[in-house]
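1. coords below, sequence missing:
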């Protein structure tokens with residue numbers, strides 16, 4: 001039976017809870033990833049994803065009365081299309097980008113052990129609607145397994 005340890009990534013990108021949204025977004029873009037564990041004192045304390053960032057930014061922009069558009073994608077499209085209040089929008093984005101991820105990360109840790117089966121990993125991801133699981137052994141982060149790793153395992 002195929003195990004998590006056989007398909008997980010061992011070189012895990014992770015962040016401190018004090019990392020800024022800008023730092024995280026930059027690494028996500030450079031590494032072509034959409035989420036990562038948040039680690040403090042060698043312990044996973046959260047998960048940050050693009051969805052968390054988009055949700056947080058949309059909420060903050062709505063609070064600042066910059067726009068009442070339901071999604072960040074539509075908001076960006078609206079500003080590009082009309083140019084309306086662009087300076088205000090830009091200032092708010094700059095302010096938000098300095099926010100620490102501790103304020104938007106998911107604090108519920110859903111993890112898996114490296115000796116678990118890939119079927120168990122798939123079931124946990126599906127049940128909890130998550131795209132990645134930190135792999136913990138003795139409460140230490142030893143890897144990460146994502147849905148893409150499960151697809152890779154299917155074809156091998």
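-> Done, it's in. Since we're looking at a predicted model, the values are computed, not measured.
2. state the distance from the spatially most central residue of the chain to residue 28.
-> In the chain, the centroid-proximal residue (C-alpha atoms, centre = their mean) is residue 49; its distance is 1.2 Å. Separation of residue 49 from residue 28 (C-beta to C-beta, to the nearest Å): 9 Å. For every residue, glycine as well, the C-beta is placed using N, CA and C.
3. circling back to that earlier point, show me the contacts for the residue nearest to the centre of the chain.
-> 34, 35, 36, 106, 131 (C-beta atoms under 8 Å, 6 or more residues apart in numbering).
4. ok, residue 40 touching residue 17?
-> Yes - the pair residue 40 / residue 17 is scored as a contact, 5.5 Å apart, by C-beta atoms under 8 Å.
5. quick revisit: bridging residues for the residue nearest to the centre of the chain?
-> For residue 49, the beta-bridge partners under DSSP bridges are residue 35.
6. show the pLDDT at it.
-> For residue 49, the model assigns a pLDDT of 95.
7. sorry, back to before: quick check: neighbours shared by residue 49 and residue 28?
-> Shared contacts of residue 49 and residue 28 (C-beta under 8 Å, 6+ apart): 34, 35, 36.
8. derive a PyMOL selection command for the buried subset of the residues you listed.
-> The following PyMOL line selects those of these that are buried, judged by 16 or more other C-beta atoms under 10 Å:
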select buried, resi 35+36
